[in-house]
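1. Please find the sequence and the predicted model below.
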Amino acid sequence: MAEASLPIRMLHDRMLLDPGEEAGERKSSAGIVIPATASMGKRLVWGKVVAAGPHVRQANLGDTVLYDPEELAEVELEGSAYVLLRERDVHAISEPPEQSRSGMYL
C-alpha cells in the first residue's frame, strides 16, 4: 500500500494512524460534556489509516480503525502527531454507511 505523501515508508505489518481529536472533552449521546479527566473503564479510540506496510492485509489507506490508545507508539512527522501500531493491535475497521437502494419503505 502506498503512503499518502508522507516522508516515511512503513515496513511489515505496521500502520500509521491519524488519531483525530479523541483526546480531551467529549459529549455523551444525551449532550452531557464529559471532561478528559473523568475516570472510565478502558476506552478504545478511532483513527484513520494514513500509511501501511506491505504485509497489512485487512486495512486500507483511509480506513477508520478502532485501537487501544494505551498500546501505541507516537511519532511526529512534518509537525503532525501520528500513532504507530501493528495490524494485530487493531480491534475493528469501520464500515462505510449503507446507501439506500430504492428509497421506498415497506
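-> Here it is on my side, so go on.
2. Can you name the residues bridging to the residue most central in space within the chain?
-> Nearest to the geometric centre of the chain sits G47, at 1.5 Å (C-alpha atoms, centre = their mean). Beta-bridge pairing for G47 (DSSP bridges): V65.
3. List the contacts of it.
-> G47 sits next to L17, D18, P19, G20, E22, T64, V65, Y67, V83 when contact means C-beta atoms under 8 Å, 6 or more residues apart in numbering. Where you see a C-beta, it was placed from the backbone N, CA and C, and this is true even at glycine.
4. Kindly reformat these as TSV containing distance to R9 and secondary structure.
-> As requested, the contacts of G47 are exported to TSV (distance: C-beta to C-beta, whole Å; DSSP: H, G, I helix; E, B strand; the rest coil):
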residue	distance to R9	secondary structure
L17	16	strand
D18	17	strand
P19	21	coil
G20	23	coil
E22	27	coil
T64	23	strand
V65	20	strand
Y67	21	strand
V83	17	strand
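5. Drop anything exposed from the residues you listed.
-> Neighbour counting by 16 or more other C-beta atoms under 10 Å classes L17, D18, P19, T64, V65, Y67, V83 among those as buried.
6. Greatest separation within those residues: which pair is it?
-> Spanning the widest gap among those are T64 and V83, at 12.8 Å by C-beta to C-beta.
7. if I look at E70, how far off is V83?
-> 11 Å (C-beta to C-beta, to the nearest Å).
8. Find the residues that touch each one of these two.
-> Residues touching both E70 and V83 by C-beta under 8 Å, 6+ apart: none at all.
9. before we move on, the earlier item: between the contacts of G47, which has the least confident prediction?
-> Within the contacts of G47, E22 has the lowest pLDDT, namely 56.
10. pLDDT below threshold where in this structure?
-> Where the chain drops to pLDDT under 70, the residues are 1-4, 21-28, 34-41, 98-106.
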